[in-house]
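A.B. asks: Got a sequence here, can you model it:
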Amino acid sequence: MSTPLIHTQALSRSAAGRTLLHPVDLSIRGGERIGVHGTSGSGKSVLLRTLALLDWPDGGRLFWQGRAVETAADIQAYRVQAAYVRQQPVLMPGSVADNLYLPYTLAAYAARRPDSERTAALLHAIGRDKRFLQADSGHLSGGEAQLVCLMRIIQLEPQVLFLDEPTSALDPETAAAAEALISHWHDAAPQQRAWVWISHSPEQLSRISAQVWRVHQGQVEVETGHV
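C.D. replies: All right, here's what the predicted structure looks like:
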């Protein structure tokens, strides 16, 4: 069996003397579509933020393609390949194009350049044309803002997406566009890419996941079927 993209050994997190994530061993392999469910406050976001190394674990280790992620350089390289999408979109002032081009001003992406063909394909996936690029980010709906945030990450072609309820506040049409966009990213390299997607909707989980993790009071259980 191939080396997982990500695996953990007794990964855990605590704060203020409280265990937020109990030690857990998990593997994420290329091609996997993992759904995450659990009640509010169960630790789903804690799990994703720890896996994304946005919050540093208190115990255990995380490995990227078999190599421990430990140094600052390791973390930067890891975050290029394992991207976190939050529930609430955050855009900078300016146009949609300004927001899409923003990552290319960062050191981690300094060697890359925007790809007009990739951008056109992403626009097509959400049912928009190139005129959308000139829209003012301050005048977008919440759903449109989330689509732009997804495009901004997906254009960089990470290998893993950690999706923290990205469609929970969207209307059905926009949620479908977001799902199509994420599927477009995955299907471009289906054996090399994976997602871990939090959702409260059993219907959505059945669409977007082939494996389900259940989180309860900071403990993670890998389930064999859908909720």
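
A.B. asks: isn't Y101 right up against P114?
C.D. replies: Yes - with contact defined as CB atoms under 8 Å, Y101 reaches P114; the gap is 5.7 Å. Any C-beta I mention is one placed from the backbone N, CA and C, and that applies to glycine too.

A.B. asks: Looking at those two, which is more packed in?
C.D. replies: Set Y101 next to P114 and count neighbours by other CB atoms under 10 Å: Y101 wins out with 17 against 12.

A.B. asks: quick one: contacts of the longest helix belonging to the chain?
C.D. replies: Longest helix in the chain, counting residues (DSSP state H): helix 172-187. Helix 172-187 has contacts (CB atoms under 8 Å, 6 or more residues apart in numbering) with 33, 121-122, 125-127, 141, 143-144, 146-147, 150-151, 154, 157, 161, 163, 166-167, 170, 193-195, 197, 204, 207-208.

A.B. asks: where does the chain dip in pLDDT?
C.D. replies: Applying pLDDT under 70 to the chain flags the ranges 1, 224-227.

A.B. asks: State which strand of it is the longest.
C.D. replies: Using DSSP state E to define each element, the chain has its longest strand at strand 6-15.

A.B. asks: picking up where we left off before, show me how to select, in ChimeraX, the buried members of the contacts of helix 172-187.
C.D. replies: In ChimeraX syntax, the buried subset of those is picked out as below (16 or more other CB atoms under 10 Å):
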select :33,122,125,126,143,144,146,147,150,151,154,157,161,163,166,167,170,193,194,195,197,204,208
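
A.B. asks: ok so, going back, pull up the pairing partners for the longest strand of the chain, direction included.
C.D. replies: Its sheet considered, strand 6-15 pairs with strand 18-24 (antiparallel), strand 27-28 (antiparallel), strand 59-64 (antiparallel) by DSSP bridges.

A.B. asks: got a list of what R113 touches?
C.D. replies: Applying CB under 8 Å, 6+ apart, the residues contacting R113 are Y104.

A.B. asks: just to revisit the earlier point, in strands only, show me the contacts of helix 172-187.
C.D. replies: Using DSSP E, those in strands are 33, 161, 163, 194-195, 197.

A.B. asks: Thank you kindly, that will do.
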